[in-house]
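Asks: Model the structure of this input:
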Amino acid sequence: MDLIDNEDYQKILFIDNLILQTFNNIRDIKDSGKLSFDSEATVNFINLNLNVLSYIASLNYFYTRPRLKVNYNFKQNLFNFITDFSLFVSPILLASPSELIERESVINLDPRERFLIIKKLGYLIDLGMYFNKGDSKSILFLEDIYLRFIVFVKNFIDFKNLAKNLTIDSPFYKVQMEHLIKSLELLEEGAFLLKVRYESNKAYIFSKQALNYIQAGKILATVTSQKELAEKFSKFYDVWSAKFQSDLSHTE
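Replies: Alright, predicted model coming up:
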């Protein structure tokens with residue numbers, strides 16, 4: 001059968017056109033200078049990036065013949081999005097309770113919309129890891145994206161309205177609590193991932209980063225009155241910091 005008439009080929013052309021158009025739209029927003037200053041532009045930027053990642057991932061379904069393959073790097077585009085986003089979603093992981101509470105909302109979205117973005121982006125990262133099973137370099141690359149994603153998730157909470165959204169009679173109580181618990185779980189997972197990296201090569205920078213994740217979890221749990229979780233993060237911090245300090249003293 002002629003390639004042009006192949007059904008998969010036609011689907012690839014359609015998706016390819018969507019990707020190219022979406023890339024153009026993303027570039028227009030970045031060139032406009034409105035990113036981080038205009039909430040509508042920021043929301044569009046998020047949606048377009050999530051859409052293009054979904055389009056690229058969907059092309060894997062049609063990767064059955066070399067002639068039909070369209071070359072888009074899913075990992076690199078995912079990394080670029082997280083990097084771009086970290087420019088206006090504060091990359092500072094460690095913040096005091098007062099700083100978290102006083103910080104302005106990142107964009108004008110309600111908690112349901114925020115958490116929907118978190119879940120969709122998390123799914124796309126999982127998808128990237130699935131496509132690269134057995135590829136150690138790609139997994140390390142995706143782990144770096146995952147660590148950025150954790151910062152993104154934590155800082156994407158609207159701390160200014162958090163107390164109001166976490167009251168039991170708030171229409172956003174359930175979804176805001178889900179977002180909060182997800183953030184705390186991810187901070188713990190990120191800390192353990194960094195601890196494993198530290199133990200693999202004894203690079204002190206990983207121990208400091210691991211403690212930053214634990215400290216951020218403790219602060220977030222404290223601010224939101226999650227007493228048991230705050231105590232757990234405190235215990236982790238005390239034990240790990242003592243171990244890391246002991247390791248450091250033995251190398252001096």
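Asks: contacts and neighbour counts: CA atoms only from here.
Replies: Will do.
Asks: From the chain's centroid, how far away is the helix or strand harbouring residue 126?
Replies: Using DSSP states H and E, residue 126 maps to helix 111-131. Offset of helix 111-131 from its chain centre (Cα atoms, centre = their mean, to the nearest Å): 8 Å.
Asks: so what does that helix touch, helix or strand wise?
Replies: In this structure, helix 111-131 makes packing contacts with helix 39-59, helix 74-86, helix 136-155, helix 173-201, judged by 3 or more Cα pairs under 8 Å, 6 or more residues apart in numbering; DSSP states H and E.
Asks: neighbours around the closest residue to residue 50 other than its chain neighbours, how many?
Replies: Spatially, and ignoring its direct neighbours in sequence, residue 50 is nearest to residue 121 (6.9 Å; Cα to Cα, 6 or more residues apart in numbering). Counted with other Cα atoms under 10 Å, residues neighbouring residue 121 total 21.
Asks: contacting residues around residue 143?
Replies: Neighbour list for residue 143: empty [criterion: Cα atoms under 8 Å, 6 or more residues apart in numbering].
Asks: can you check the one 5 residues further on too?
Replies: If a contact means Cα under 8 Å, 6+ apart, then residue 148 has 82, 83, 86 as its contacts.
Asks: Packing partners of the helix or strand residue 10 falls within?
Replies: Per DSSP H and E, residue 10 falls inside helix 7-32. Applying 3+ Cα pairs under 8 Å, 6+ apart, we find helix 7-32 packed against helix 39-59.
Asks: could I have the helix it packs on exported to CSV, CA atoms only?
Replies: Taking C-alpha atoms only, helix 39-59 is exported to CSV below (Å, rounded to 0.1, in the frame of the first residue of the first chain):
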residue,chain,number,x,y,z
SER,A,39,-2.3,35.3,34.1
GLU,A,40,-4.2,34.4,30.9
ALA,A,41,-0.9,34.1,29.0
THR,A,42,0.5,31.9,31.8
VAL,A,43,-2.5,29.6,31.7
ASN,A,44,-2.3,29.3,27.9
PHE,A,45,1.4,28.6,28.2
ILE,A,46,0.8,25.7,30.6
ASN,A,47,-2.0,24.3,28.6
LEU,A,48,-0.1,24.5,25.3
ASN,A,49,2.9,22.8,26.8
LEU,A,50,0.9,20.0,28.3
ASN,A,51,-0.9,19.5,25.0
VAL,A,52,2.2,19.3,23.0
LEU,A,53,3.7,16.8,25.4
SER,A,54,0.6,14.7,25.0
TYR,A,55,0.8,14.9,21.2
ILE,A,56,4.4,13.9,21.2
ALA,A,57,3.7,10.9,23.6
SER,A,58,0.8,9.8,21.4
LEU,A,59,3.1,9.5,18.4
